[in-house]
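Asker: Sequence below, structure please.
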Amino acid sequence: MKKILSIAFAALLATSSFAQKSETLLERNQLAKTPPMGWMTWNLFKGDISEQLIKETADAMVEHGFRDAGYEYIFIDDLWQGGRDRHNNIIPDPKKFPNGIKALADYVHSKGLKLGIYSDAAQLTCGGWTASYGFEEQDARTFASWGIDYLKYDYCNAPEDSATARKRYHTMAQALSKSGRNIVLGICEWGQRNGEEWCEQVGGSLWRTSYDVRDMWKDIVKQGGMGILDIVNITAPLAKDVRHGQWPDMDMLVVGLNGKGGPSSDLGGVGCSYTEYQTQMSMWCMMSSVLALSNDLRKLLLRISAFF
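Answerer: Presented below is the predicted three-dimensional model:
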């Protein structure tokens with residue numbers, strides 16, 4: 001009789017565990033009911049980021065009506081890190097963020113906006129700074145304690161095969177689910193491992209379709225950069241994989257950079273025409289992509305006034 005009860009109890013635990021896992025995946029799939037919209041630091045500022053820049057951009061997003069139009073995220077990309085403390089907790093660069101990320105997140109939230117941050121599924125990020133491999137649960141708890149709403153999880157310095165990528169992204173998704181906070185996971189493996197096929201399986205909400213965008217219409221210099229048209233051609237066949245809670249990430253909008261960006265000006269990124277920028281905006285919307293502005297929103301009114 002005891003043996004039968006033990007078997008029944010084990011079966012109940014297994015059923016409960018399966019149900020809990022299914023509920024967790026369902027909850028994660030509900031975290032991005034529409035493609036996230038906002039502003040990202042990388043293309044123009046790269047590592048020249050600070051608490052002041054984020055606060056001023058948050059102010060500008062409210063003042064210029066971006067928040068009310070649905071642009072609710074500020075995404076902090078790479079080079080925000082300051083290493084780890086003696087307890088191995090990841091910490092921000094104290095010069096760039098003297099009051100810490102928690103205070104910054106509180107400010108961003110007070111404006112009715114959300115804060116995203118960046119890490120990588122390896123020991124070092126693309127920029128060579130502290131990443132999260134081996135510290136997934138600890139970093140997820142830290143991000144949650146700061147009030148982070150979105151994690152862009154890159155794949156530099158990680159093994160090339162798809163199986164390892166799936167495992168590492170799943171590990172981070174599980175860590176985020178255990179963190180006690182709803183944090184959207186953006187899978188950024190650049191489309192080389194067909195993330196659209198397994199993003200939902202591993203707990204992600206968004207999947208990058210290509211390598212980084214450059215401020216150009218098309219790659220004509222053949223140095224490895226991706227232009228607007230190049231990314232459109234790569235993403236169009238993936239339309240069948242787009243559904244609620246699962247969105248393509250065609251990388252940042254280069255609209256308004258005019259060839260004066262940071263990383264976006266590399267590899268032939270000399271700028272686009274007004275019509276080409278309009279086309280990027282239109283095609284990113286048509287394909288249900290993440291919309292992440294990367295120009296300097298603080299100077300927007302100055303640019304508008306120049307037309308009058």
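Asker: Any regions of this protein where pLDDT drops low?
Answerer: Scanning the chain for pLDDT under 70 picks out 1-26, 301-308.
Asker: again, 50 this time
Answerer: 1-26, 302-308 (pLDDT under 50).
Asker: Got the phi and psi for the nearest residue to residue 59 once chain neighbours are set aside?
Answerer: Distance criterion CB to CB, 6 or more residues apart in numbering; nearest residue to residue 59, sequence neighbours excluded, is residue 111 at 7.2 Å. Heads up, the C-betas are built off the backbone N, CA and C, glycines and all. Main-chain dihedrals, residue 111, degrees, to the nearest 10: phi -90, psi 0.
Asker: for the stretch 1-150 of the chain, what spans make up the strands?
Answerer: 37-40, 73-75, 81-84, 90-92, 114-120, 150-154 (DSSP state E, counting those that start in this stretch).
Asker: Against which helices or strands is the first one packed?
Answerer: Contact here means 3 or more CB pairs under 8 Å, 6 or more residues apart in numbering; DSSP states H and E; on that basis strand 37-40 packs against helix 51-63, strand 73-75, strand 114-120, strand 291-293.
Asker: Can you list the strands that the last one pairs with?
Answerer: Put plainly, it is strand 291-293. strand 37-40 (parallel) (DSSP bridges).
Asker: need the strands of the stretch 1-150 of the chain in a markdown table with distance to residue 225 and mean neighbour count, can you?
Answerer: Supplementary listing: these in a markdown table, determined by distance: least, CB to CB, whole Å; neighbours: other CB atoms under 10 Å:
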| stretch | distance to residue 225 | mean neighbour count |
| --- | --- | --- |
| strand 37-40 | 18 | 23 |
| strand 73-75 | 21 | 25 |
| strand 81-84 | 26 | 16 |
| strand 90-92 | 30 | 20 |
| strand 114-120 | 21 | 24 |
| strand 150-154 | 18 | 25 |
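Asker: Take those strands and write them to CSV, including distance to residue 257.
Answerer: Converted to CSV, these look like this (distance: least, CB to CB, whole Å):
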stretch, distance to residue 257
strand 37-40, 12
strand 73-75, 16
strand 81-84, 25
strand 90-92, 26
strand 114-120, 20
strand 150-154, 19
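Asker: Out of those, flag the one nearest residue 255.
Answerer: The closest of the strands of the stretch 1-150 of the chain to residue 255 is strand 37-40. By CB to CB, the value is 11.5 Å.
Asker: how far out from the middle of the chain is the closest one?
Answerer: Distance of strand 37-40 from the chain centroid (CA atoms, centre = their mean, to the nearest Å) equals 9 Å.
Asker: got a list of contacts for that strand?
Answerer: 57, 61, 66, 70-75, 77, 113-114, 116, 252, 290-294, 297 (CB atoms under 8 Å, 6 or more residues apart in numbering).
Asker: Repeat the analysis, applying 10 Å as the threshold.
Answerer: 54, 57-58, 60-61, 66-67, 69-77, 113-116, 118, 149-150, 152, 251-253, 285, 289-297 (CB atoms under 10 Å, 6 or more residues apart in numbering).
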